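> Turn this into a structure:
(2 chains)
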Amino acid sequence: NAGVTQTPKFQVLKTGQSMTLQCAQDMNHEYMSWYRQDPGMGLRLIHYSVGAGITDQGEVPNGYNVSRSTTEDFPLRLLSAAPSQTSVYFCASSLTGKYSSNQPQHFGDGTRLSIL
Amino acid sequence: KQEVTQIPAALSVPEGENLVLNCSFTDSAIYNLQWFRQDPGKGLTSLLLIQSSQREQTSGRLNASLDKSSGRSTLYIAASQPGDSATYLCAALTNAGGTSYGKLTFGQGTILTVHP
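Prediction:
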């Protein structure tokens, strides 16, 4: 029972490099999201998806791209890494993102990203 | 804009004590309030979800209450154990900008240490 799987667990990049953080879930969840967690800032929503082919911006979307071609996968792309993007990134999913569902979110273990 | 605050930021107690963690939110129009646990280097694990129509939820030694009118939730941990040591986060679910989907806003967490 894998749940939400994130890869890689750790990554160091140089400023200007690009990379993709992978997220996969095996629970047939409709809703998937990306957060970043920074000291003193809590978790902030970057992007979310309510189903394959449907994505939207969260609180801090600048510098990040997402796509959702399948129900299972929701990759997060950094197009040109900046030191301000040094953070811990979490992917989460839930059965549905509709507020009436009262479904809890399931989180992956995170990707720790350092931008030099 | 919803803001979620958790007090205290850190708490250290001896094993066996009963304790209360506090969470407050500024917008009372929430759909649910969720409590999570985060262990070092790990993702978030859902503990309890209180729907807006509920006053409390219980799971084992954990009891969470919700008072929407005052914008407060508390997490009560009975007979604390060293294994309870972790960061506890609360999150309020509100409507994501006029859609049928919800948006979670997190507090910054309370770091709990239970010493033998």
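
> how about low-confidence regions in chain B?
The model of chain B has pLDDT under 70 over residues B:96-100.

> So which bits of it are right by chain A?
With the criterion set to C-beta under 8 Å from any C-beta of the partner chain, chain B comes near chain A through B:4, B:31-32, B:34, B:36, B:41-46, B:49, B:51, B:89, B:91, B:93-96, B:100-104, B:106-109. Using the backbone N, CA and C atoms, a C-beta is placed for each residue, glycine as well.

> and the residues you listed, which are buried?
For those, a neighbour count by 16 or more other C-beta atoms under 10 Å in any protein chain shown gives the buried set as B:4, B:31-32, B:34, B:36, B:43-44, B:46, B:49, B:89, B:91, B:93-96, B:101-104, B:106-109.

> wait, what's in contact with residue 89?
Defaulting to chain A. By C-beta atoms under 8 Å, 6 or more residues apart in numbering or on different chains, the contact list for residue A:89 reads A:6, A:21, A:34, A:35, A:36, A:37, A:46, A:76, A:110, A:111, A:113.

> nope, chain B
With contacts defined as C-beta under 8 Å, 6+ apart, residue B:89 is in contact with A:42-43, B:6, B:35-38, B:44, B:106-110.

> Can you add distance to residue A:16 and secondary structure and give those residues back as TSV?
As requested, the contacts of residue B:89 are arranged in TSV below (distance: C-beta to C-beta, whole Å; DSSP: H, G, I helix; E, B strand; the rest coil):
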residue	distance to residue A:16	secondary structure
A:42	28	strand
A:43	26	strand
B:6	37	strand
B:35	40	strand
B:36	35	strand
B:37	37	strand
B:38	32	strand
B:44	31	strand
B:106	30	strand
B:107	34	coil
B:108	31	coil
B:109	33	coil
B:110	38	strand
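
> can you tell me which of the contacts of residue A:89 lies nearest to chain B?
When the contacts of residue A:89 are compared for distance to chain B (C-beta to the nearest C-beta), residue A:110 comes out closest, at 5.5 Å.

> Chain B next: which of the contacts of residue A:89 are close?
With C-beta under 8 Å from any C-beta as the criterion, those include A:35, A:110 near chain B.

> In strands, which of the contacts of residue A:89 appear?
The strands in this structure, assigned by DSSP state E, contain A:6, A:21, A:34, A:35, A:36, A:37, A:46, A:76, A:111, A:113 from these.

> would you turn those into CSV with neighbour count?
Rendered in CSV, the data for those read as follows (neighbours: other C-beta atoms under 10 Å in any protein chain shown):
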residue, neighbour count
A:6, 21
A:21, 23
A:34, 27
A:35, 27
A:36, 24
A:37, 21
A:46, 23
A:76, 21
A:111, 23
A:113, 20
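
> Just give me the closest of the residues you listed to residue B:77.
Among the ones in strands among the contacts of residue A:89, residue A:37 lies closest to residue B:77 (C-beta to C-beta), at 22.7 Å.

> who in chain A is up against chain B?
Counting by C-beta under 8 Å from any C-beta, the residues of chain A near chain B are A:4, A:31, A:35, A:40-45, A:48, A:50, A:56, A:58, A:90, A:92, A:97-100, A:102, A:104-110.

> In ChimeraX, how would I select the buried members of the residues you listed?
ChimeraX command restricting the residues of chain A next to chain B to the buried ones, with burial defined by 16+ other C-beta under 10 Å:
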select /A:4,31,35,42,43,44,45,48,50,56,58,90,92,97,98,99,102,104,105,106,107,108,109,110
